[in-house]
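S.K.: next one to model:
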Amino acid sequence: MQSNMSGSKPTASTQQYLDIAEIKQGTIVMRDGSLRAVLVVSSTNFSLKSADEQNALISAYQSFLNALEFPIQILLQSRKLDINSYLDRLRAIQQQQTNELLRMQTQEYIEYIGKLIEFASIMNKTFYVIVPLSSGAAKQGFLSGLSNLFNPATQISGKDKEFDRAREDLYKRVSQVSLSLGSMGLKTLLLTTEELLELMYNSYNLNTATPIKIKNIEDLDLAK
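M.R.: Got it, this is the predicted structure:
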């Protein structure tokens, strides 16, 4: 009699429960044929602004929402900030210093930051805007479907052209959102395919999630 404990069946992949079909050319393709693009957006310190600046910012945000002719999704992710690279950079600066007093002060600062992160979790908040485009492609007729069945090259070519047209329409929306956010003093960066894959992985693996590695993150000037 074979024991049921002799082996375990492979568990189902999480991917089959997601609505995402694939990610290509910096675009998320959903199972229903709709598309998504993701912008990472810089933040602003609202509390440090004057009353007039706050009112102007609120008014600009209201105008931005009222002008939208399509839905968007705003995503906020909070993750523990990894400052090891920052500490390594400080240690490198310390070794290059010729002034003994500055070297001692840098060492004290490194020790202070090290003790600070031992007792407190420093969180990093990242803001994303997800821009969608619903599938508007007409369904193929029965005869067209038979034609594609016997000519798969035509089917693949048609799908590629359809994707390119839809992606172009999606990026028009992305440009509109970027310009509107830019009028509020916010900087945006469109995520690439690699960055989208990393974002999806980290979103569904929170225990092992690491900060998103965006190549041009310096251009965003997130620390305001």
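
S.K.: biggest strand in the protein by residues?
M.R.: strand 123-133 (DSSP state E).

S.K.: give the next helix or strand downstream of the helix-or-strand element of the chain with minimal mean pLDDT.
M.R.: Of all the helices and strands that make up the chain, the one with the lowest confidence by mean pLDDT, DSSP states H and E is helix 142-150; it has a mean of 43. Using DSSP states H and E, the next helix or strand after helix 142-150 towards the C-terminus is helix 152-182.

S.K.: buried residues in that following helix?
M.R.: 155, 163, 166-167, 170-171, 173-174, 176-178, 180-181 (16 or more other Cβ atoms under 10 Å). No exception for glycine: its C-beta is placed from N, CA and C like everyone else's.

S.K.: which other helices and strands does whichever helix or strand comes after it contact?
M.R.: Heading C-terminal from helix 152-182, the first helix or strand you meet, by DSSP H and E, is strand 188-190. Helices and strands in packing contact with strand 188-190 are listed as strand 35-41, helix 152-182; criterion 3 or more Cβ pairs under 8 Å, 6 or more residues apart in numbering; DSSP states H and E.

S.K.: switch to 6 Å and redo it
M.R.: Packing contacts for strand 188-190, counted by 3 or more Cβ pairs under 6 Å, 6 or more residues apart in numbering; DSSP states H and E, involve strand 35-41.

S.K.: now the strand it packs on: buried residues?
M.R.: Along strand 35-41, the positions that meet the burial threshold by neighbour count (16+ other Cβ under 10 Å) are L35, R36, A37, V38, L39, V40, V41.

S.K.: partner residues bridging the fifth one?
M.R.: Beta-bridge pairing of L39 under DSSP bridges involves V129, L190.

S.K.: touching, it and I130? I think so.
M.R.: No: counting by Cβ atoms under 6 Å, no contact exists between L39 and I130, whose distance comes to 7.9 Å.

S.K.: so which bits of the longest strand of the chain are buried?
M.R.: For strand 123-133, a neighbour-count test (16+ other Cβ under 10 Å) marks T126, F127, Y128, V129, I130, V131, P132, L133 as buried.

S.K.: what of stretch 65-73?
M.R.: Of the residues in stretch 65-73, none are scored as buried under the neighbour-count criterion (16+ other Cβ under 10 Å).

S.K.: ok, and what's touching that stretch?
M.R.: Contacts of stretch 65-73 from elsewhere in the structure, counted by Cβ atoms under 6 Å, 6 or more residues apart in numbering, are V129, I130, V131.

S.K.: any stretches of this protein with poor pLDDT?
M.R.: For the chain, residues meeting the criterion pLDDT under 70 lie at 1-15, 82, 120-121, 136-158, 206-224.

S.K.: how is it divided into domains?
M.R.: Listed by automatic domain parsing, the domain ranges of the chain are 22-79+124-220, 82-121.

S.K.: so how far is the strand or helix carrying S59 off the chain centroid?
M.R.: With elements delineated by DSSP H and E, S59 resides in helix 51-67, which encompasses its position. Chain-centre distance of helix 51-67: 24 Å, with Cα atoms, centre = their mean, to the nearest Å.

S.K.: repeat for stretch 26-34
M.R.: When distances are taken as Cα atoms, centre = their mean, stretch 26-34 is centred 15 Å away from the chain's centroid.

S.K.: and the contacts of that stretch?
M.R.: Under the criterion Cβ under 6 Å, 6+ apart, external residues in contact with stretch 26-34 comprise D19, I20, A21, E22, L35, R36, A37, S134, S135, R167, T192, T193.

S.K.: got these as JSON lines, with distance to I58 columns?
M.R.: Compiled in JSON lines, these are given as follows (distance: Cβ to Cβ, whole Å):
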{"residue": "D19", "distance to I58": "34"}
{"residue": "I20", "distance to I58": "34"}
{"residue": "A21", "distance to I58": "38"}
{"residue": "E22", "distance to I58": "39"}
{"residue": "L35", "distance to I58": "31"}
{"residue": "R36", "distance to I58": "28"}
{"residue": "A37", "distance to I58": "26"}
{"residue": "S134", "distance to I58": "30"}
{"residue": "S135", "distance to I58": "35"}
{"residue": "R167", "distance to I58": "33"}
{"residue": "T192", "distance to I58": "32"}
{"residue": "T193", "distance to I58": "35"}
